[in-house]
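Q: what would the 3D arrangement of this be:
(one chain, ligands or ions: 1)
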Amino acid sequence: MNVAAVNEANLADAGAFSATAQLSMRHVTKVFPGKRDIFSKLTRKTSRDFVAIENISLDIEPNTFVSIIGPSGCGKSTLLDMIAGLSATSAGEILLNDLPVRGPGPDRGMVFQNYALMPWMTVEENIRFAVETVYPKTDPKQMRRTIKEHIQLVGLTGAEKKHPHELSGGMRQRVGIARALAISPQILLMDEPFGALDALTRGFLQDEVVRIWEQQRKTVIMITHSIEEALLLSDRIVMMTRGPAARIDEILDVPFPRPRDRANLDQHPAYHDLKAKMEEHLFRETRAVEEARINA
Ligand SMILES: Nc1ncnc2c1ncn2[C@@H]1O[C@H](COP(=O)(O)OP(=O)(O)OP(=O)(O)O)[C@@H](O)[C@H]1O
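A: So this is what the prediction gives:
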């Protein structure tokens, strides 16, 4: 098992920046500015700048499934939003294929916890809308083929004309995944994609993602709170420290062979060791967050 400590100094010393990285985060910091305007002063509601993430560096190779875990509120979504280009870095830079990320782009597809579907559109209209937005000149025949293929990919054939309110949470998230993949992104970004689902549905969807990943082998960056989910899906697991000024504590390499089957994953010799490391990390960081709140 290759477990590497990856704070910035270690990364630089170990020469761990990769020449073949698809995505590179270099010294990334995010500061949310405090409120100091006149109104805030008058109402005595000023606040200080908040350093959410400080000096994070990480290289991600193509075709890798990376999970990010960390205590609640540590800055996982903040990091993913910056990769998506939805929010700017305050310092440092994010490079995609050596080019700086300056905003959202068709090279990154996003899957949200709350699905973010258009409620008045059917399944196929939701997917069409995404593809049309990114590639407005798509030939109608090609468009129909893309929609059909992706509905099939996520197992929703027959539900093309249904609206989101007619679908279960799991089915809605299948649409979310189909929509993100239909624009052919290089990287799929998933922010707690199964967080709103019950345990059984969550398991079904995880198995679907395992199957789809085997077919497509796209680079995926997924935020999750679930240790088992991260172990089932990932090649690497990035463990973030608590905030403020969250950083990467450690990256775990997950050596389980693929294709993976949840039924026998825990028989791998490294499984329990990795699980214990993640539990210990999350317990320690969450405990420290709680203590800081008590003493605040
Ligand atoms: N727009 C903002 N302005 C100020 N502070 C923010 C803003 N967005 C996030 N934060 C703060 O930054 C920190 C990181 O938030 P973020 O949502 O990225 O954490 P997270 O790890 O994704 O949380 P969770 O696990 O609960 O989803 C939190 O303390 C949050 O309150």
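Q: what does the protein put close to the ligand?
A: Phe32, Phe50, Ala52, Gly70, Ser72, Gly73, Cys74, Gly75, Lys76, Ser77, Thr78, Gly243 (CB under 6 Å from any ligand atom). C-beta coordinates here come from the backbone N, C-alpha and C atoms, glycine included.
Q: hmm, try it at 8 Å
A: 30, 32, 50, 52-53, 70-81, 191-192, 223, 225, 240, 243-244, 246 (CB under 8 Å from any ligand atom).
Q: buried ones among those residues?
A: Among these, the ones that count as buried by 16 or more other CB atoms under 10 Å are 30, 52-53, 70-71, 74-81, 191-192, 223, 240, 243-244, 246.
Q: now do the strands in the stretch 151-296 of the chain.
A: Under the criterion DSSP state E, counting those that start in this stretch, the stretch 151-296 of the chain contains strands at 187-191, 219-223, 236-240, 248-253.
Q: residues touching the residue of the stretch 151-296 of the chain found nearest the ligand, list them.
A: Per CB to the nearest ligand atom, Gly243 is where the stretch 151-296 of the chain lies closest to the ligand, at 5.3 Å. When contacts are counted by CB atoms under 8 Å, 6 or more residues apart in numbering, Gly243 touches Val51, Ala52, Ile53, Gly73, Cys74, Gly75.
Q: I'd like the distance between the fourth one and Glu160.
A: Same thing as Gly73. The gap separating Gly73 from Glu160 is 39 Å, by CB to CB, to the nearest Å.
Q: now the second one
A: Look at Ala52 and Glu160: by CB to CB, they are 41 Å apart.
Q: repeat that for the fifth one.
A: Using CB to CB, Cys74 is found at 39 Å from Glu160.
Q: returning to that earlier point: just the ones of the residues of the chain next to the ligand in helices?
A: Lys76, Ser77, Thr78, Leu79, Leu80, Asp81 (DSSP state H).
Q: in JSON lines: the strands of the stretch 151-296 of the chain, plus mean pLDDT.
A: What follows is the strands of the stretch 151-296 of the chain, written out as JSON lines (pLDDT from 0 to 100):
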{"stretch": "strand 187-191", "mean pLDDT": "97"}
{"stretch": "strand 219-223", "mean pLDDT": "97"}
{"stretch": "strand 236-240", "mean pLDDT": "97"}
{"stretch": "strand 248-253", "mean pLDDT": "97"}
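Q: rounded mean pLDDT for stretch 93-110, please.
A: For stretch 93-110, mean pLDDT rounds to 96.
Q: in it, what counts as buried?
A: For stretch 93-110, burial by neighbour count (16+ other CB under 10 Å) applies to Ile94, Leu96, Val101, Gly105, Asp107, Arg108, Gly109, Met110.
Q: most widely separated two among those residues?
A: Spatially, the most separated pair among the buried residues of stretch 93-110 is Ile94 and Gly109, at 16.3 Å (CB to CB).
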